[in-house]
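Visitor: Sequence first, predicted coordinates after that:
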Amino acid sequence: MKDPVIITPSQTKRRRIAPFVLGAACLTLAGSIAFTFSGARADESMADTPPSQLRRLTELQYRTAIADAFGPDIKVVGRFSPDLRIDGLQAVGASAVSVTPAGLEQYEDIARAISTQVTDKDHRDRLVGCAPSATDAKGAACARDFIQKVGLKLYRRPVSAPELQQRVAATMESAARLNDFHAGLAATLTGMLTSPDFLFRIDWPDRSGRGIDAWSAASRLSYLLWNAAPDAALLAAAADGSLNTPAGRAREVERMMASPRFVDGVRAFFTDYLRLDGMDDLAKDSLIYPAFNTSVASAMREQTLRTITWLLVDKKGDYRDLFTSNAIAMNRTLGPIYDIPVSKTDWYIHQYPQGDPRTGLLTHASMLAQHSHPGRTSPTLRGVALTEIFLCEKIPAPPANVNFAVVQDVDNPTLKTTRLRLQAHLDDEECASCHKRSDPMGLGLEQFDGAGQFRKLEHDVTIDVTGEFEAKPFDGAAALGKLFHDSEQVSACLVQSAWRYAHGRNPAATDATNIARLTKGFLGNGHSFSALMRNIALDPGLLALPRTVTAKAPRAKKQGVSG
């Protein structure tokens, strides 16, 4: 590895990160966090994460930033590097993500295409708004105005005087070399779009050194509540200092939560929390599940998000009711999966009758299909997902030498059901230790096949969906959902995950009191998700600069699970 590029605390006072350095190199910001340009595996799990001062924009955040800055007609075309999931959350992985040289080239290709559109003849009058003139022969004043205006939106803070001078000079140099002002401006915009100041959310310290500055605070709040960059009003509150006051901050939080964009923020959290991005690459055996295709997978994800926002935002409902509600968003694409005749052309809220086995979030096809194999169900995969997502308990991968032959033999004439095959597989005591935790929950969902379709029989044998959760028996998915509804651990896990999502890191030991206070407030405030987000946004700890991270979250069990 090449020697790291070090920027000392005195240099970071108002200095911003230099352009990317190609190859394997490191940037150390304010002496507290190292950012590495190297390969990192997507979905890698790491218990310890550094204090969050850098978070790479997700693909959706990148696309939203471009739309907010230039309008929805500017197309973002290109391939993005995969996001990193740490201990279940991409929001935590964003603080430890790496950028390879190949990834940087992808960003540059995307940026160049955007810059070309912004400055072309169809868009320049509206998006640039000026050109060289009799009083501005070379266009330096125009370039300065454009860079200041766009820089505030892209960097989420004002462009400093040295930056502005350098960018204008670079524009003039490129324009002269290319003999085209707008081509020179496009080259400068490409550089801005490939700058870490745009690609990463950077938490800069305030003058005290204990918290983040107002511009960083604006970004933290907007990405938490909207999953987007700060708007003009929030940036203005940062500029005039009102965001630094409790009253000003509360005013902005209430304004943002009253906006339709709050729904985008809720959708972003639950997409990450429930790992719904996995639906993008979900595949099933078309011979076994002919009703499943990529359009259905996309609709499954949308169904879950619409159901969640309808209940938690529109109806201001109790979070726990997600596990017991008989209401679900439905459209014509999903009708065959749910065996429902749908005549409506758009989404609507479908109500199942009381006592229907298709009750609550655990029976959503998105949860069932995603955590199954391409050609069969998997109580283990489903149970592990429920354990990690809703209970915040980490279960490691199975040992490399596990024999899956018994479980995979779906045509076994003696072991006709998944429960029987799994029980035979668990004769190995080493495997059984972890399966006993995850599998009972997964077996409770066995009345739904690998595509999420309801069934009562497996190979003409009635499916047994009884089990036990938290020392309480259940019979079927609806009963399991009721136990999840009543579980304080399920509610506490949501709070912990929302905190980690907001902070972009795993908690330190010193954060335990803060998380406990938020949990107590959530449990005592009707389990309102909106109130939880408000409390996290108003919590002074959100804007503090963490010094060290010592906690490991979540805790892993000793053995792995398989199947």
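Guide: Great, that's in hand.
Visitor: From here on, just use CA atoms for contacts and neighbour counts.
Guide: OK.
Visitor: A247: neighbour count?
Guide: 11 (other C-alpha atoms under 10 Å).
Visitor: same deal with the one 5 residues further on?
Guide: Other residues within reach of E252 by the criterion other C-alpha under 10 Å amount to 19.
Visitor: Can we start the residue count at 30 from this point?
Guide: Let's use 30 as the start, then, which means that last one is E281.
Visitor: Could you say which helix or strand holds it?
Guide: Here E281 is covered by helix 275-287, with elements defined by DSSP states H and E.
Visitor: now swap in P502 and tell me
Guide: strand 501-504.
Visitor: By neighbour count, which bits of that strand are buried? Give me those.
Guide: Using 16 or more other C-alpha atoms under 10 Å as the test for burial, strand 501-504 gives F503.
Visitor: Kindly report the same for stretch 231-248.
Guide: Quick answer for stretch 231-248 (16+ other C-alpha under 10 Å): 231-235, 240-248.
Visitor: Would you mind confirming that A358 is in contact with Y377?
Guide: Yes. At 5.6 Å, A358 counts as touching Y377 under the criterion of C-alpha atoms under 8 Å.
Visitor: what about those two, which has more around it?
Guide: Set A358 next to Y377 and count neighbours by other C-alpha under 10 Å: A358 wins out with 20 against 17.
Visitor: Tell me which residues touch that one, please.
Guide: Contact analysis of A358 by C-alpha atoms under 8 Å, 6 or more residues apart in numbering lists Q332, T333, R335, T336, W376, Y377, I378, H379.
Visitor: again, 7 Å this time
Guide: Q332, R335, T336, W376, Y377, I378, H379 (C-alpha atoms under 7 Å, 6 or more residues apart in numbering).
Visitor: sorry, back to before: who's in contact with the helix holding E281?
Guide: L254, L263, S271, L272, F291, L567.
Visitor: and the gap between the first one and V295?
Guide: The one in question is L254. 7 Å (C-alpha to C-alpha, to the nearest Å).
Visitor: ok, now the third one?
Guide: Computed as C-alpha to C-alpha, the S271 to V295 distance reads 26 Å.
Visitor: Look at the two and report which has more neighbours.
Guide: Between S271 and V295, V295 has the larger neighbour count (other C-alpha under 10 Å), namely 22 against 17.
Visitor: what about the strands in the stretch 230-379 of the chain?
Guide: Assigned by DSSP state E, counting those that start in this stretch, the stretch 230-379 of the chain shows strands spanning 356-359, 377-380.
Visitor: Would you convert those strands into JSON lines that also reports mean pLDDT and distance to R114?
Guide: Formatted as JSON lines, the strands of the stretch 230-379 of the chain follow (pLDDT from 0 to 100; distance: least, C-alpha to C-alpha, whole Å):
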{"stretch": "strand 356-359", "mean pLDDT": "98", "distance to R114": "28"}
{"stretch": "strand 377-380", "mean pLDDT": "98", "distance to R114": "32"}
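Visitor: now, of those, which is deepest in the fold?
Guide: Counting by mean count of other C-alpha atoms under 10 Å, strand 356-359 has the highest mean neighbour count of these, with a mean of 22.
Visitor: so where's the stretch 330-479 of the chain uncertain?
Guide: 428-438, 445, 453-464 (pLDDT under 70).
Visitor: Please repeat the previous calculation with a cut-off of 80.
Guide: 425-445, 447, 450-467 (pLDDT under 80).
Visitor: Next: the chain.
Guide: For the chain, the stretches with pLDDT under 80 are 30-82, 126-128, 425-445, 447, 450-467, 575-592.
Visitor: One more pass at 70, please.
Guide: 30-81, 428-438, 445, 453-464, 576-592.
Visitor: Which of the three states applies to the residue lying farthest from the centre of it?
Guide: Using C-alpha atoms, centre = their mean, the residue of the chain lying farthest from its centre is A163. It sits 49.4 Å away. With DSSP: H, G, I helix; E, B strand; the rest coil as the basis, A163 sits in coil.
Visitor: so how far is I115 from it?
Guide: Distance from A163 to I115, by C-alpha to C-alpha: 56 Å.
Visitor: With F352 instead?
Guide: F352 sits 25 Å away from I115, going by C-alpha to C-alpha.
Visitor: cool, and F498?
Guide: Counting by C-alpha to C-alpha, the gap from F498 to I115 is 26 Å.
Visitor: Looking at the two, which has the bigger crowd around it?
Guide: Applying other C-alpha under 10 Å to F498 and I115 shows that I115 carries more neighbours, namely 25 against 15.
Visitor: Phi first, then psi, for that one.
Guide: Dihedral angles of I115 (phi, psi; degrees, to the nearest 10) stand at phi -120, psi 120.
Visitor: from memory it sits against A123, does it?
Guide: No. The criterion here is C-alpha atoms under 7 Å, and I115 misses it with A123 at 8.6 Å.
Visitor: ok, T164 - how many residues close by?
Guide: 8.
Visitor: check contacts around it.
Guide: For T164, counting by C-alpha under 7 Å, 6+ apart, there are no contacting residues.
Visitor: Now do the phi/psi pair for it.
Guide: phi -90, psi -10.
Visitor: quick one: it from V292, how far?
Guide: As judged by C-alpha to C-alpha, T164 and V292 stand 47 Å apart.
Visitor: Output stretch 484-503 as PDB - backbone C-alpha positions only.
Guide: Provided in PDB are the C-alpha atoms of stretch 484-503 (Å, rounded to 0.1, in the frame of the first residue of the first chain):
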ATOM      1  CA  ARG A 484     -50.200 -23.900   0.900                       C
ATOM      2  CA  LYS A 485     -51.600 -26.400   3.500                       C
ATOM      3  CA  LEU A 486     -49.800 -29.500   2.200                       C
ATOM      4  CA  GLU A 487     -46.300 -30.600   1.300                       C
ATOM      5  CA  HIS A 488     -46.300 -33.800  -0.700                       C
ATOM      6  CA  ASP A 489     -49.900 -34.500   0.500                       C
ATOM      7  CA  VAL A 490     -48.800 -34.200   4.100                       C
ATOM      8  CA  THR A 491     -50.400 -31.500   6.300                       C
ATOM      9  CA  ILE A 492     -47.700 -28.900   7.200                       C
ATOM     10  CA  ASP A 493     -47.000 -28.600  10.900                       C
ATOM     11  CA  VAL A 494     -46.500 -24.900  11.800                       C
ATOM     12  CA  THR A 495     -46.400 -25.100  15.600                       C
ATOM     13  CA  GLY A 496     -43.400 -23.800  17.500                       C
ATOM     14  CA  GLU A 497     -42.200 -21.700  20.400                       C
ATOM     15  CA  PHE A 498     -41.000 -18.200  20.700                       C
ATOM     16  CA  GLU A 499     -39.700 -16.600  23.900                       C
ATOM     17  CA  ALA A 500     -40.900 -19.700  25.800                       C
ATOM     18  CA  LYS A 501     -44.500 -19.200  24.400                       C
ATOM     19  CA  PRO A 502     -46.100 -21.600  22.000                       C
ATOM     20  CA  PHE A 503     -47.600 -20.600  18.700                       C
END
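Visitor: check contacts around the residue nearest the centre of the chain.
Guide: Centroid-nearest residue in the chain: D301, 3.6 Å away (criterion: C-alpha atoms, centre = their mean). Shown in contact with D301 (C-alpha under 7 Å, 6+ apart): L118, Q119.
Visitor: Distance check, it against A527.
Guide: Per C-alpha to C-alpha, D301 is found 10 Å from A527.
Visitor: just S315 next, same as before
Guide: As judged by C-alpha to C-alpha, S315 and A527 stand 37 Å apart.
Visitor: of these two, who's got more company?
Guide: Set S315 next to A527 and count neighbours by other C-alpha under 10 Å: A527 wins out with 23 against 12.
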